[in-house]
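**Q** A predicted structure for the sequence below; I have some questions about it.
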Amino acid sequence: MPALVTAKVRPALNGDARDRQSLVEYLRDLETVARHECGSRETVQVIASGRRLLGDRTEIASGDGPFSRT
């Protein structure tokens, strides 16, 4: 998953704002799912970092998954 996120974020950094916003929304959803179901803290961190690189400062609710305190 980290490689997929990186592959999507890199080209978006040079893309237009509309494309970046669509990717940010996708990454928010992906991070929510990862926080609840993923077994890798690295995956959650890479997704969150990708969002930040794209300019998103939204905090994702931690919920009650394995990384609820990440």
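**A** Noted; the coordinates are in hand.
**Q** C-alpha only now, for contacts and for neighbours.
**A** Will do.
**Q** got the phi and psi for the residue with the largest distance to the centre of the chain?
**A** Residue distances from the centre of the chain (C-alpha atoms, centre = their mean) peak at Asp16, which lies 18.4 Å from the mean C-alpha position. Torsion angles at Asp16 (phi, psi; degrees, to the nearest 10) stand at phi -80, psi 170.
**Q** just Thr6 next, same as before
**A** phi -60, psi -40.
**Q** spatially nearest residue to it (excluding sequence neighbours)?
**A** Distances taken as C-alpha to C-alpha, 6 or more residues apart in numbering place Gly50 nearest to Thr6, at 7.2 Å, with adjacent residues excluded.
**Q** buried ones in the helix or strand encompassing the one you found?
**A** Assigned by DSSP states H and E, Gly50 belongs to helix 41-53. Neighbour-count burial for helix 41-53, counted by 16 or more other C-alpha atoms under 10 Å, picks out 43-51.
**Q** and the two most separated of the residues you listed?
**A** Taking every pair in those and measuring C-alpha to C-alpha, the maximum separation is 12.5 Å, between Thr43 and Arg51.
**Q** picking up where we left off before, please dump the buried residues of helix 41-53 into CSV; it should also carry distance to Leu23 for every row.
**A** Formatted as CSV, these follow (distance: C-alpha to C-alpha, whole Å):
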residue, distance to Leu23
Thr43, 16
Val44, 16
Gln45, 16
Val46, 14
Ile47, 11
Ala48, 12
Ser49, 13
Gly50, 9
Arg51, 8
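**Q** going by distance to Thr32, which of those residues wins?
**A** When the buried residues of helix 41-53 are compared against Thr32 (criterion: C-alpha to C-alpha), the nearest one is Val44, at 8.7 Å.
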